[in-house]
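What follows is a predicted structure for the sequence shown.
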Amino acid sequence: MSRASQATQRRLARILRDRKEPHGKPFTDEGILRGVEIDDAGIVELWVRPSQPHCPCCLDDLINLRKEIVKAKGILACHIEIVGIPHSERWTAAVNE
């Protein structure tokens, strides 16, 4: 793994570690953040299960998180996949548009 990739991983970890979801739980809680993957090109994939799947503030928070991640140095793109809730494909489309 290159030094640039390691730096990108640290930046992403810092963003996620310091974040709380709108209802007060840490975003890195296993019930919320289900998976993270960063490829060598700097494309980030997150698998997320919102704690309150019918809450519009959770959707808005995920949109803002994606924007924050994309602004980080070394990150080319970010895709957030919503899992484990009804109509997750609609949430995923809304967050990533």
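Happy to help now that I have it.

Following element in sequence after the helix or strand of the chain with the lowest mean pLDDT, please.
Ranked by mean pLDDT, DSSP states H and E, the weakest helix or strand in the chain is helix 3-17, scoring a mean of 90. Remark: after helix 3-17, the chain's next helix or strand is strand 33-38, criterion DSSP states H and E.

what separates that following strand from the chain centre, distance-wise?
Its chain's average C-alpha position is 8 Å from that of strand 33-38, according to CA atoms, centre = their mean, to the nearest Å.

sorry, back to before: same question for the least confident helix or strand of the chain: list its buried residues.
Within helix 3-17, the residues scored as buried using 16 or more other CB atoms under 10 Å are Thr8, Arg11, Leu12, Ile15, Leu16. All C-beta atoms are positioned from the backbone trio N, CA, C, and that covers glycine.

which residues sit against that helix?
With contact meaning CB atoms under 8 Å, 6 or more residues apart in numbering, helix 3-17 is reached by 27-28, 33, 36, 38, 40, 42, 44, 65, 68-69, 72-75.

quick one: Gly35 from Gln6, how far?
Counting by CB to CB, to the nearest Å, the gap from Gly35 to Gln6 is 19 Å.

of all the buried residues of helix 3-17, which two lie farthest apart?
Farthest apart among these by CB to CB are Thr8 and Leu16. That separation is 12.7 Å.

where does the protein have low pLDDT?
Where the chain drops to pLDDT under 70, the residues are 1.

That's all I had, so thanks and see you.
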